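A.B. asks: Whatever this is, show me its structure:
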Amino acid sequence: PQERLLLEVAWEALEDGGQKPFGLAGTDVGVFVGAFTLDYKILQFADLDFDTLAAHTATGTMMTMVSNRISHCFDFRGPSVSLDTACSSSLVAVHMACQSLRRGESTVALAGGSLLHMTPQYTIAETKGGFLSADGRSRTFDASADGYVRAEGVGMVALKLLSRALADGDPVHAVITATGVNQDGRTDGITVPNPDAQARLVEQVCAEAGITPGDLQYVEAHGTGT
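C.D. replies: Down below sits the predicted model:
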């Protein structure tokens, strides 16, 4: 199901970007897809008698295929990378796509992610771990925060270097001026964020983009519920 939805939004993203998907066959289009939990794998492997397992079980449950399925279907020859950095997976996919474009590995890059909830196991485990909000509401940055809320979705963007997009007459919805990635390192717990590390990353990326943090007018925050 995740592969199927990603194929759909990949096509939509390319069309929205003025591209002809099959016209890109055989070219160095990069595909970078983030995924976190693969609930369909739990469903497929629930048959302990192994009667229902087949060749398609493997390709339908591997993290590898969330990106490689797109590259295979459209005959894209650029990097094809599936990645899991939990809640930041889609943003890290965008970061890697931008790097690939700047290095000349890709002339066009697709970046996005997918998460679907089809089994209760992860929700139960996270509930027992105290990660989830008891009333289903996330109150990030609030003293009453008691956990986050799981959600599902799928999304994809088509990226090009700005100079190339303008030269090709493509519609441009937004310009990414800089990206950056880091890790919190050791904190009080592996799921606990490090505000100092995150602040440093914001400062570094703003400096690279030539933006003063105070000039930002809109900030979207990951709803950790902390």
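
A.B. asks: Wait, Ala134 touches Val149, no?
C.D. replies: No - look at Ala134 against Val149 with CB atoms under 8 Å: they stay out of range, at 10.5 Å. No exception for glycine: its C-beta is placed from N, CA and C like everyone else's.

A.B. asks: And those two? Which one has more around it.
C.D. replies: Val149 (13 against 9; other CB atoms under 10 Å).

A.B. asks: Give me the spatial nearest neighbour of the more buried one, chain neighbours excluded.
C.D. replies: Counting by CB to CB, 6 or more residues apart in numbering, Ser138 is the residue found nearest to Val149 once chain neighbours are left out, at 4.8 Å.

A.B. asks: same question, Asp47
C.D. replies: Leu53 (6.5 Å).

A.B. asks: Just give me the neighbour total for the one you found.
C.D. replies: Burial of Leu53 is recorded as 13 neighbouring residues (other CB under 10 Å).

A.B. asks: could you measure it against Pro1, distance?
C.D. replies: Noted for Leu53: a distance of 18 Å to Pro1, by CB to CB, to the nearest Å.

A.B. asks: same deal with Tyr122?
C.D. replies: 16 Å.

A.B. asks: the domain parsing of this structure - what is it?
C.D. replies: Domain ranges of the chain: 1-116+152-176, 177-221, per the TED database.

A.B. asks: got JSON lines for those domains, with distance to Lys128 and mean pLDDT too?
C.D. replies: As requested, these are exported to JSON lines (distance: least, CB to CB, whole Å; pLDDT from 0 to 100):
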{"stretch": "domain 1-116+152-176", "distance to Lys128": "16", "mean pLDDT": "95"}
{"stretch": "domain 177-221", "distance to Lys128": "13", "mean pLDDT": "91"}
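
A.B. asks: which one of the ones you listed lies closest to Ser144?
C.D. replies: Across those, Ser144 has its closest neighbour in domain 177-221 (16.6 Å, CB to CB).

A.B. asks: how far is the closest one from where the chain is centred?
C.D. replies: 17 Å (CA atoms, centre = their mean, to the nearest Å).

A.B. asks: and Ala111, what are its bridge partners?
C.D. replies: Beta-bridge partners for Ala111, by DSSP bridges, are Phe32, Val157.

A.B. asks: Make sure it is actually in contact with Ser90.
C.D. replies: Yes - using CB under 8 Å, Ala111 is in contact with Ser90, at 7.4 Å.

A.B. asks: These two: which is more packed in?
C.D. replies: Between Ala111 and Ser90, counted using other CB under 10 Å, the more crowded position is Ala111 (29 against 25).

A.B. asks: residue contacts, the more buried one?
C.D. replies: Residues in contact with Ala111 (CB atoms under 8 Å, 6 or more residues apart in numbering) are Phe32, Val33, Ser90, Ala93, Val94, Met96, Ala97, Met156, Val157, Leu159.

A.B. asks: Any idea how many residues pack against the nearest residue to Pro21 once chain neighbours are set aside?
C.D. replies: Leaving out its chain neighbours, the residue that sits closest to Pro21 by CB to CB, 6+ apart is Leu14, at 4.7 Å. Using other CB under 10 Å, Leu14 has 21 other residues around it.
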